[in-house]
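Peer 1: Can you look at this prediction? I've put the sequence above it.
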Amino acid sequence: MKHELLLIFQSAMIVNAWQINPKLRISVLKSPLSASILHGESSCFLPLAQLDQDYYAPRIIQIAGSYPGITAEEIQAVSSEPSPDMGQWNYDFSDPDGPQLGTIAIEGSDKVHNVDDPVVIIAEHQALGVTLPPELEDPVDLIVLVDRARQTFAERKFLVLELPGENVSIGAYTSKSELPTNCNILGQVALVQIPWLPCMKKTKTGFMEEDEYF
């Protein structure tokens, strides 16, 4: 029996990764060790969810550090993976030999999908000039998605800059001449995600009974 299974798995190895070897499929279906039924048998059906061709999967992106205080080396140290193909998703496996860094999943969209070399910085909202309800006295963490592939100047685009002898700075400029002297552009900000907090108003649904805030 063990010898037969070994032969089956050996033959399965030469089949394209996107296919299932018919011999392996038959051996599983006919195996007396499996008493469970499969999808579609005996009126039992799995709760299937079929993705479509326009589906943007969330991107799993490594976190480089927090701002202010993050360094250029910390931003450049993390690795990134390309966007998953449309209608598919990626897997994230920690590198046992690399630094153990946090990751975060960002909702899929065309903007997130088109970031070529992503990294996330966790920034305090005051450091970016983001206005939040005055009831919030303490800093609120925002997710800043940075594209390290875009290391060129762009008017009114928020840039992540390495300043000589200083930590990283995030800001926008109306002209290239306004850039700090001898700065190095590490990337452009592609997205800033703000959390929903209890002191913020709920998104209106259009249904009066759900939009009452008391």
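Peer 2: Perfect, I can see it now. No experiment lies behind these values; they were computed from the predicted model shown.

Peer 1: Where do the strands of the chain begin and end?
Peer 2: Here the chain has its strands, by DSSP state E, at 59-67, 103-106, 118-124, 141-147, 159-162, 168-171, 184-193.

Peer 1: Can you tell me which of those strands is nearest to Leu132?
Peer 2: Proximity to Leu132 (Cβ to Cβ) singles out strand 141-147 among the strands of the chain, at 9.3 Å. For every residue, glycine as well, the C-beta is placed using N, CA and C.

Peer 1: which parts of the closest one are buried?
Peer 2: Within strand 141-147, the residues that qualify as buried by neighbour count (16 or more other Cβ atoms under 10 Å) are 142-147.

Peer 1: Out of those, name the two that are farthest from one another.
Peer 2: Most distant of the buried residues of strand 141-147, by Cβ to Cβ, are Leu142 and Asp147, 16.6 Å apart.

Peer 1: residue ranges with poor pLDDT in the protein?
Peer 2: Low-confidence segments of the chain (pLDDT under 70): 1-38, 44, 46, 48-51, 94-96, 98-101, 203-214.

Peer 1: circling back to that earlier point, which single one of the buried residues of strand 141-147 is nearest to Leu128?
Peer 2: Proximity of the buried residues of strand 141-147 to Leu128 (Cβ to Cβ) peaks at Leu142, which lies at 6.6 Å.

Peer 1: Test my guess that the closest one contacts Ala123.
Peer 2: Yes. With contact defined as Cβ atoms under 8 Å, Leu142 and Ala123 form a contacting pair (5.1 Å).

Peer 1: quick one: common contacting residues for those two?
Peer 2: Taking Cβ atoms under 8 Å, 6 or more residues apart in numbering as the criterion, Leu142 and Ala123 both touch Val192.

Peer 1: sorry, back to before: out of the strands of the chain, which is closest to Gln88?
Peer 2: strand 59-67 (12.2 Å).

Peer 1: Now do the closest one against strand 141-147, angle only.
Peer 2: Taking axes from the mean of the first three to the mean of the last three Cα atoms, to 10 degrees, one finds strand 59-67 and strand 141-147 inclined to each other by 120 degrees.

Peer 1: partners of strand 59-67 in the sheet?
Peer 2: Strand 59-67 has its sheet partners listed here by DSSP bridges as strand 103-106 (antiparallel), strand 118-124 (parallel).

Peer 1: Now tabulate these in JSON lines and tack on mean neighbour count and distance to Met200.
Peer 2: Shown next, in JSON lines, are the strands paired with strand 59-67 (neighbours: other Cβ atoms under 10 Å; distance: least, Cβ to Cβ, whole Å):
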{"stretch": "strand 103-106", "mean neighbour count": "14", "distance to Met200": "20"}
{"stretch": "strand 118-124", "mean neighbour count": "22", "distance to Met200": "17"}
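
Peer 1: okay, the strands of the chain in a markdown table with distance to Gly87 next?
Peer 2: Converted to a markdown table, the strands of the chain look like this (distance: least, Cβ to Cβ, whole Å):
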| stretch | distance to Gly87 |
| --- | --- |
| strand 59-67 | 15 |
| strand 103-106 | 17 |
| strand 118-124 | 20 |
| strand 141-147 | 22 |
| strand 159-162 | 31 |
| strand 168-171 | 34 |
| strand 184-193 | 22 |
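
Peer 1: Minimum distance to Ser42: which of these has it?
Peer 2: strand 103-106 (36.4 Å).

Peer 1: What are the contacting residues of the closest one?
Peer 2: Outside strand 103-106, the residues within contact range by Cβ under 8 Å, 6+ apart are 58-63, 92, 112, 120, 143, 145, 191, 193.
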